[in-house]
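*Asks:* output the structure for:
(one chain, ligands or ions: 1)
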Amino acid sequence: MPLPPPPGPGYWGSLAGYRRNPATYFTELAQRHGDVFRWRGFLDIYMLNDPDDVRRVMTQAWPQFNKDNIDYRVLKLTMGNGLVTSDGPAWSRQRRLMQPMFHHRIVNAFDGAINACIETLVERWRAHGPTPPFALDRELSRLTFGVVGATLFGADIEAHADEVAEMLDVMNVNPKTVRALLTLYPWIPTAGNRRFARHLATLDRIVYGLIERRRASGETRADLLGLLLAARDEDSGEGMPERQVRDEIVTLMLAGHETSAVSLAWTFHLLAQHPDIEAMLVDELTRELGGRPALAADLPRLPFLKQVVQESMRLYPPVWGISRAVGTDCEFGGYRIPAGAYLAVLPYALHRHPAHWQDPERFDPARFSPQRSESRHSYCYLPFAAGPRTCIGAGMAMLEIQLVLARLLPLFRVRPVPGHPIVPLASVTYRPRYGIQATAAPRD
Ligand code: HEM
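*Replies:* Numbering: from 1, shown residues only. Prediction:
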C-alpha cells in the first residue's frame with residue numbers, strides 16, 4: 001500500500017503565522033502535527049523534527065538530500081559556486097582543498113588578529129565613559145566583519161571594509177521574499193534588481209582587485225586568501241581558478257560575519273536579562289584572566305564561557321533553518337516524501353524539542369555541562385549543522401565569539417535601552433528586527 005503524505009495544516013494553513021515568524025510558527029506546528037509534517041503555502045514544505053530523521057538527512061547529503069532548491073539558487077547569485085552553495089563532486093573537491101585551512105591549529109593562531117579588532121572597539125567604548133545609546137547589533141556586525149576581513153585578507157581590506165559590509169547586508173536577504181526571488185530574473189527591471197546588479201558589480205570589482213593585487217605582489221601570507229591561492233589539489237596539483245577564489249571569498253565573508261554577529265548580539269541580550277548568570281561568567285573571566293584579553297590557549301580554562309555561548313545559540317540559533325531538496329522518493333516516520341520535495345530542518349525547533357530539552361525556553365547554560373550533555377541525542381543541537389556539510393568555520397566562530405565576550409564583559413556592563421522593542425526576525429539569520437539599542441558603561 002502506498003504511504004500517506006504527512007499531516008499538516010490545511011492549504012495556505014496560516015500565511016499570517018509564517019509571515020509573523022516562520023521559526024516560531026513551524027515550531028508550534030511541530031508540536032501540533034508531530035515530527036514530520038507538511039506545510040502547503042507558496043512552497044510545499046516538508047519539515048522533519050525528529051533527531052534520527054535529521055541525522056539521516058545530514059549524513060546522507062548529496063545526491064539524496066541535495067541543495068538544488070530555491071534557497072541555494074538565490075544564494076548562488078551572490079556566492080557563486082562557493083562551499084555553501086555547491087554540491088556533489090564539485091563541492092567535495094573544494095571542501096577537501098579548504099578543510100586544512102580551518103584546522104584548529106591554523107584557526108587558533110588568528111587569536112591575536114581577532115583581539116586586535118576587539119581592541120579598537122574597546123578603545124571606542126572606553127573613550128565615552130558610559131556610551132550614549134547605540135545600535136549594539138550594528139556595532140557587533142562591524143566587529144565581526146573586521147574579523148572576517150582580517151583573517152581573510154590581513155590589512156588589505158581596510159580601505160573597503162565599510163563599503164563591502166554595507167553591500168553584503170543589502171544582498172543578504174531571505175531567499176523566500178519577493179525581492180530576493182526577483183533577483184533570479186535579472187532581466188526584470190525592478191529597482192531592487194538594479195540595486196542588486198550594481199552591488200554585485202562593485203563587490204566583484206573589489207574582490208577581484210584584492211586577489212589580483214595579492215597575486216601580483218608575489219607575497220605568501222598566512223591569511224585565508226594566501227591559503228586559498230596556495231591550495232593545490234592532491235591528485236592534479238592544480239590551483240583554484242580565479243572565479244572559484246572569488247566565490248569562496250564572498251562565501252566566507254557572507255557565511256562568517258552576520259552569523260557570529262547575531263550570536264554575540266543575542267548573548268548580550270540574554271546576559272542583560274540574567275544578571276546572576278552574567279555575574280558568574282564575569283567571575284570566571286576575572287579569576288582566570290586577571291583583566292587581560294583571552295588567547296585561544298586560555299579557552300579550556302573557561303568552561304562556563306563556552307556553556308553560555310552554546311546555550312545562547314540553542315535559544316537563538318543564528319542559522320534557524322536549513323533546507324534540502326529530496327533526490328528520490330523516500331519515507332520518514334511512515335509518510336511518503338516525494339522526489340523534488342523541499343525539506344526543512346529547523347535548528348530553532350530541534351533546540352526546543354520537548355522530548356529532548358527540559359523547560360526549553362529557559363536560559364540555563366549549565367545544560368551544557370559535560371554531565372548533563374552526556375545522554376543528549378547529538379542531532380537535537382545543530383547550530384552549525386552536522387555531517388559532511390557541517391559548518392567549516394565553526395571553530396573560528398566559537399573562538400571569535402568567546403574572545404569577544406571574554407574581553408568585553410569584564411570591562412563593560414552592556415544594558416538595553418528601556419522601551420526599545422526586541423522582536424526576532426527569521427531572515428537568512430535569526431536577528432533582532434529593530435536591532436538592539438544599548439549602552440556600555442565601564443564596570444568599575
Ligand atoms: C556563529 C557563527 C556561525 C554559525 C551559526 C554557522 C552556521 C552554519 C550552518 C548551519 C551551516 C550549514 C548550512 C547549510 O547546510 O546550508 C554552515 C555552513 C558553512 N559555514 Fe558557517 N556558521 C557560522 C560561522 C561561520 C564562519 C565564521 C565561517 C567562515 C569563516 C563559516 C563558513 C561556512 C561555510 C563555508 C559553510 C559551508 C560548508 C560546506 O557546506 O562545506 N561559518 N554554517
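*Asks:* find the nearest non-adjacent residue to Ile249, please.
*Replies:* Distances taken as C-beta to C-beta, 6 or more residues apart in numbering put Val207 closest to Ile249, at 5.5 Å, once the chain neighbours are dropped. Heads up, the C-betas are built off the backbone N, CA and C, glycines and all.
*Asks:* ditto for Leu210
*Replies:* What sits nearest to Leu210 in space, not counting adjacent residues and going by C-beta to C-beta, 6+ apart, is Asp156, at 5.5 Å.
*Asks:* this protein: strands as residue ranges?
*Replies:* With strands called from DSSP state E, the chain shows them at 36-40, 44-48, 65-66, 134-135, 322-326, 330-332, 335-337, 342-345, 412-416, 424-426, 430-432, 437-442.
*Asks:* now the fourth one, how far from the centre of its chain.
*Replies:* Pointing back at strand 134-135 there. The chain centre lies 22 Å from the centre of strand 134-135; the measure is C-alpha atoms, centre = their mean, to the nearest Å.
*Asks:* what helices or strands is that strand leaning on?
*Replies:* strand 437-442 (3 or more C-beta pairs under 8 Å, 6 or more residues apart in numbering; DSSP states H and E).
*Asks:* just the buried positions in the strand it packs on, please.
*Replies:* Of the residues in strand 437-442, Gln437, Ala438, Thr439, Ala440 count as buried by neighbour count, 16 or more other C-beta atoms under 10 Å.
*Asks:* check contacts around the first one.
*Replies:* The contact partners of Gln437, taken as C-beta atoms under 8 Å, 6 or more residues apart in numbering, are Pro133, Phe134, Ala135, Leu136, Pro416, Val417, His420.
*Asks:* ok, back up a step: wait, isn't the residue nearest to Ile249 in contact with Arg246?
*Replies:* Yes - the pair formed by Val207 and Arg246 meets the contact definition of C-beta atoms under 8 Å, at 5.3 Å.
*Asks:* kindly report the residues of the stretch 151-300 of the chain close to the ligand.
*Replies:* With C-beta under 6 Å from any ligand atom as the criterion, the stretch 151-300 of the chain comes near the ligand at residues Thr251, Leu252, Ala255, Gly256, Thr259, Ser260, Ser263.
*Asks:* confidence score at the closest residue to the fourth one other than its chain neighbours?
*Replies:* In other words, Gly256. Once flanking residues are discounted, Gly256 sits nearest to Val148: 4.7 Å by C-beta to C-beta, 6+ apart. For Val148, the pLDDT comes out at 92.
*Asks:* could you pull up the residues touching Val148?
*Replies:* Taking C-beta under 8 Å, 6+ apart as the contact definition, Val148 lies against Leu252, Met253, Gly256, His257.
*Asks:* in this structure, which residue is most central in space?
*Replies:* The centre of the chain sits closest to Thr259, judged by C-alpha atoms, centre = their mean, with a distance of 3.3 Å.
*Asks:* the contacts of Val148 in helices, which ones?
*Replies:* Residues of the contacts of Val148 located in helices (DSSP state H): Leu252, Met253, Gly256, His257.
*Asks:* where in this protein is pLDDT low?
*Replies:* The chain contains residues with pLDDT under 70 at 11-13.
*Asks:* residue of it closest to the ligand, please.
*Replies:* Gly393 (2.1 Å; C-beta to the nearest ligand atom).
*Asks:* what are the ranges of the helices in the stretch 151-300 of the chain?
*Replies:* In the stretch 151-300 of the chain, the helices defined using DSSP state H, counting those that start in this stretch lie at 161-171, 178-182, 191-217, 224-230, 242-273, 275-289.
*Asks:* mind listing what's buried along the second one?
*Replies:* Of the residues in helix 178-182, those buried under the neighbour-count criterion (16+ other C-beta under 10 Å) are Ala180, Leu181.
*Asks:* who are the packing partners of that helix?
*Replies:* helix 70-79, helix 191-217.
*Asks:* what's the most buried one of those?
*Replies:* Stretch with highest mean neighbour count among these: helix 70-79 (a mean of 20; mean count of other C-beta atoms under 10 Å).
*Asks:* do that one and the ligand come into contact?
*Replies:* No - Helix 70-79 is not in contact with the ligand by C-beta under 6 Å from any ligand atom; minimum separation 7.3 Å.
*Asks:* what's near enough to touch the closest residue to Asn115 other than its chain neighbours?
*Replies:* Using C-beta to C-beta, 6+ apart and skipping residues adjacent in sequence, the residue nearest Asn115 is Pro293, 4.7 Å away. Neighbouring residues of Pro293 by C-beta under 8 Å, 6+ apart: Asn115, Ile118, Glu119, Leu403, Ala406, Arg407.
*Asks:* the first one: neighbour count?
*Replies:* Burial of Asn115 is recorded as 19 neighbouring residues (other C-beta atoms under 10 Å).
*Asks:* wait, it sits on Leu403?
*Replies:* Yes - using C-beta under 8 Å, Asn115 is in contact with Leu403, at 6.2 Å.
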